[in-house]
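Asker: here is a sequence with its predicted model. Questions after.
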Amino acid sequence: DVKVTQSSRYLVKRTGEKVFLECVQDMDHENMFWYRQDPGLGLRLIYFSYDVKMKEKGDIPEGYSVSREKKERFSLILESASTNQTSMYLCASSLLGQTQETQYFGPGTRLLVL
Amino acid sequence: GQQLNQSPQSMFIQEGEDVSMNCTSSSIFNTWLWYKQDPGEGPVLLIALYKAGELTSNGRLTAQFGITRKDSFLNISASIPSDVGIYFCAGHFPNRDDKIIFGKGTRLHILP
C-alpha cells in the first residue's frame, strides 16, 4: 500500500514566523511535489524534486523554498509566513519516468497564518 | 499555456442517480488520471488511463481516455452518500517531464 505522510494536519502560525512542512513517502519514489489548494483555484504546484538535493520551481514558488536531503523526505519551508499563505498544502510522490506519472498524495496540512 | 477545463464545477443529485463529469484539454495528453478528495483529506487516485480509447472501471466508477487524447470522462453509477466529495481530473503532456496538470474539480453533492 502506498503511503505519503505529512507531519501536521493543522498548523497555526503568526505572520513572519518560519514554517516547516514535512512530507515522507515510503514507496521509494524519485519524484516528490508540493502543491497548495485554494477554493476556486484548484491545485497549484509550488516546487518539485526529481532526486535527492534536486529541486525545480513549479508555478507559484515565490515565498517558498524546499529541501530534499533524503529520498523519502521533502520539506516545504515558508521563510517568513504571510497571511496570503493560509492554505491547504498537499504533498505527493511518483515514480520517475514517462509511464509512471501517477501521483500519490498525503492527507494535507491546513495552515492558518494570523 | 496548457489548459485543462473540468465540468461541471458542482453537481447536486439524488442518491441512486448516475453521475457524469468530463475534462477537456487544449493539448494532447498521454495520461489521464481521476482523483477523489474527501473533505479535509488529500486526493486519492481512482482511475489511471494510459492509452487513447481506453475504458477502465473501478467498481461503480468508469473512466475513458478520449480518442482525440484531449478529453476524458468519469461516470459514477447508482450514487451513494459516500460518493460526496471533489473529483479532480489530471493529465500529463508528452515530453513535459513528470509534472501533471489538474482540473479545478467537480464538487459532488448528494441529496437525501
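Answerer: Arrived safely, thanks for sending.

Asker: spit out the contact partners of B:Gln14.
Answerer: By Cβ atoms under 8 Å, 6 or more residues apart in numbering or on different chains, B:Gln14 lies in contact with B:Ile110, B:Leu111. Every residue, glycine included, has its C-beta placed from N, CA and C.

Asker: spell out which parts of chain B neighbour chain A.
Answerer: Within chain B, the positions near chain A by Cβ under 8 Å from any Cβ of the partner chain are B:30-31, B:33, B:35, B:40-45, B:48, B:50, B:88, B:90, B:92, B:94, B:97-100, B:102-105.

Asker: name the residues linked to B:Leu49 by a beta bridge.
Answerer: B:Trp32 (DSSP bridges).

Asker: please name the bridge partners of the spatially most central residue of chain A.
Answerer: Central residue of chain A (Cα atoms, centre = their mean): A:Trp34, 2.6 Å from the mean position. A:Trp34 has the following beta-bridge partners by DSSP bridges: A:Tyr47, A:Cys91.

Asker: filter the residues of chain B next to chain A down to the buried ones and hand me the ChimeraX line.
Answerer: Command for ChimeraX, covering only those of those found buried under the criterion 16 or more other Cβ atoms under 10 Å in any protein chain shown:
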select /B:30,31,33,35,41,42,43,45,48,50,88,90,92,98,99,100,102,103,104,105
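
Asker: mind listing which of the residues of chain B next to chain A are in strands?
Answerer: B:Thr31, B:Leu33, B:Tyr35, B:Val44, B:Leu45, B:Ala48, B:Phe88, B:Ala90, B:His92, B:Phe102 (DSSP state E).

Asker: output the residues you listed in TSV; the columns should cover pLDDT.
Answerer: As requested, these are exported to TSV (pLDDT from 0 to 100):
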residue	pLDDT
B:Thr31	89
B:Leu33	93
B:Tyr35	95
B:Val44	92
B:Leu45	91
B:Ala48	91
B:Phe88	95
B:Ala90	92
B:His92	83
B:Phe102	90
